[in-house]
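Q: pasting the structure only:
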Ligand SMILES: C[S@@+](CC[C@H](N)C(=O)[O-])C[C@H]1O[C@@H](n2cnc3c(N)ncnc32)[C@H](O)[C@@H]1O
């Protein structure tokens with residue numbers, strides 16, 4: 001099964017926001033099926049075909065629905081405890097389903113596969129972890145915080161560092177996609193750190209088209225429902 005990936009960047013894969021406490025918190029979220037999201041993702045998988053790469057896969061929610069529908073799926077995540085949780089969850093599935101799922105550990109800001117995927121997805125606002133890590137772990141950002149003489153300068157460094165990490169993710173996605181392949185990022189403008197002009201610049205630089213779509217959610221009352229807006233990128 002697919003597992004030939006590399007991730008150049010070291011990830012602190014068992015601590016902080018990738019550690020056990022975080023995983024415990026996150027996996028308390030119901031692994032319920034969010035109808036609109038799943039219908040949307042399954043229709044894209046039918047359109048593009050598999051195998052599907054699920055970036056920042058978490059507890060295996062998305063690989064499970066895709067594999068049940070017959071698609072091979074690689075769940076990719078930086079967190080060792082999270083992947084352990086996901087592997088354990090998948091063990092409970094029927095063999096025909098679980099053999100379609102594999103997991104790979106790595107950093108979504110810098111990865112590559114020998115395989116080229118027709119569809120890469122990044123759900124549940126996970127794109128924003130690129131920003132979170134920039135803010136908490138990047139040495140340049142930390143230095144700027146320590147030495148700042150005006151708020152403005154810190155703002156500028158933080159924005160640049162965050163955008164570099166997000167761009168690393170887009171670059172990695174583009175080199176891992178087949179020509180004509182699609183990627184999906186939900187909540188593309190969340191928290192206002194990235195605007196549409198940033199996405200347009202990325203699209204020009206890395207040669208993809210952008211479509212913005214909505215998907216509809218059944219209210220499940222957890223407060224964790226994904227933001228109902230997705231960006232679909234199509235590689236030229
Ligand atoms: C909200 S959860 C993901 C949920 C999953 N996509 C879903 O829809 O159920 C965010 C995940 O991002 C992972 N993550 C955070 N930073 C990452 C990085 N730099 N590379 C890969 N995964 C990362 C975390 O370990 C966590 O599992």
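A: Structure's in. What do you need? This one's a predicted model, so the numbers in the text were calculated from it and none came from an experiment.

Q: which parts of this structure are strands?
A: Secondary structure of the chain (DSSP state E): strands at 5-7, 52-55, 73-77, 101-105, 111-113, 117-122, 177-186, 208-214, 229-235.

Q: touching the second one from outside, list them.
A: Put plainly, it is strand 52-55. By Cβ atoms under 8 Å, 6 or more residues apart in numbering, the residues outside strand 52-55 that reach it are 45, 62-63, 66, 71-76, 108, 113, 117-123, 126, 169, 173, 176. Using the backbone N, CA and C atoms, a C-beta is placed for each residue, glycine as well.

Q: still on that earlier bit, for the strands of the chain, which one sits closest to residue 164?
A: strand 111-113 (15.7 Å; Cβ to Cβ).

Q: packing partners for that closest one?
A: Packing partners of strand 111-113 (3 or more Cβ pairs under 8 Å, 6 or more residues apart in numbering; DSSP states H and E): strand 5-7, helix 151-176.

Q: residue 207 contacts residue 233, correct?
A: No: under the criterion of Cβ atoms under 8 Å, residue 207 makes no contact with residue 233, lying 9.9 Å away.

Q: so who does residue 194 touch?
A: Each residue near residue 194 by Cβ under 8 Å, 6+ apart is listed here: 163, 166, 188.

Q: next, count neighbours for the closest residue to residue 72 other than its chain neighbours.
A: Excluding the flanking residues, the one nearest residue 72 by Cβ to Cβ, 6 or more residues apart in numbering is residue 51, at 3.8 Å. Residues within reach of residue 51, counting by other Cβ atoms under 10 Å, total 21.

Q: picking up where we left off before, okay, residue 207 and residue 233: which has more neighbours?
A: Neighbour count, other Cβ under 10 Å: between residue 207 and residue 233, residue 233 has more, with 24 against 13.

Q: so who does the residue of the chain at minimum distance from the ligand touch?
A: Nearest to the ligand in the chain, going by Cβ to the nearest ligand atom, is residue 58, at a distance of 2.8 Å. By Cβ under 8 Å, 6+ apart, the residues touching residue 58 are 26, 77, 82, 86, 124, 126.
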